[in-house]
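K.L.:
Provided below are the primary sequence and the corresponding predicted coordinates.
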Amino acid sequence: YFGFGCIIFFLIIILLLTSTGLFINFCFDKETNLLTISCYRFFGMLGKEVHQYPLNEIIDVKNERIILSSFEDTYVSQVVLVVSDNEFFLNPVGLISKYIKGDYIVMTIKRFLEPK
């Protein structure tokens with residue numbers, strides 16, 4: 001019983017930690033010429049905030065480097081999407097990975113936004 005109780009306890013802790021996190025979805029749609037950004041917590045049960053911007057309101061996409069350690073000179077990339085009235089972080093600080101290169105993401109988004 002003790003082992004089963006520990007498993008249930010840790011599953012509940014994991015569920016609580018993931019459900020309280022902020023989820024952000026970005027949808028770039030060339031057909032409708034819209035960028036849709038939806039933000040929600042607790043799987044959307046507590047409400048969902050949706051922002052829509054025309055693709056031509058995107059002012060800049062930039063890569064900011066955050067230094068993790070001054071001794072080893074290691075850093076991670078944080079991609080910032082600048083629109084007419086706001087800035088959105090494509091990968092918030094808690095979700096930054098050292099293995100994702102922000103330069104590649106910025107280049108891909110800028111190539112997508114280029115007029116044909």
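P.N.:
Thanks, I have it. What you see is a predicted model, and the numbers here were worked out from it, not measured in a lab.

K.L.:
so what's residue 48 up against?
P.N.:
38, 39, 40 (Cβ atoms under 8 Å, 6 or more residues apart in numbering). C-beta here means a position set from N, CA and C on the backbone, and glycine is covered the same way.

K.L.:
quick one: low-confidence ranges for this protein?
P.N.:
Low-confidence segments of the chain (pLDDT under 70): 19-21, 43, 68-74, 91-100, 116.

K.L.:
Let's see that with 50 instead.
P.N.:
Where the chain drops to pLDDT under 50, the residues are 94.

K.L.:
Show only the entries of the contacts of residue 48 found in strands.
P.N.:
Per DSSP state E, strands hold the following members of the contacts of residue 48: 38, 39, 40.

K.L.:
Helix or strand: which one has the nearest residue to the second one once chain neighbours are set aside?
P.N.:
Computed as Cβ to Cβ, 6 or more residues apart in numbering, the closest residue to residue 39 that is not its neighbour in sequence is residue 49, at 4.7 Å. Secondary structure here is read from DSSP states H and E; on that basis residue 49 sits in strand 48-54.

K.L.:
Settle this for me: the residue nearest to residue 39 is touching residue 36, isn't it.
P.N.:
No. The pair residue 49 / residue 36 is not scored as a contact, 11.4 Å apart, by Cβ atoms under 8 Å.

K.L.:
Neighbour count: these two, which is higher?
P.N.:
Taking other Cβ atoms under 10 Å, residue 49 and residue 36 do not tie; residue 36 has more neighbours (14 against 10).

K.L.:
Make sure that one is actually in contact with residue 24.
P.N.:
No. Applying Cβ under 8 Å, one finds residue 36 not in contact with residue 24, separated by 11.2 Å.

K.L.:
overlap in contacts of these two?
P.N.:
When Cβ under 8 Å, 6+ apart defines a contact, no residue borders residue 36 and residue 24 alike.

K.L.:
thought residue 55 was touching residue 35?
P.N.:
Yes. Between residue 55 and residue 35 there is a contact at 5.8 Å, judged by Cβ under 8 Å.

K.L.:
closest to residue 113 among the ones in strands among the contacts of residue 48?
P.N.:
The closest of those to residue 113 turns out to be residue 38 (Cβ to Cβ; 19.6 Å).
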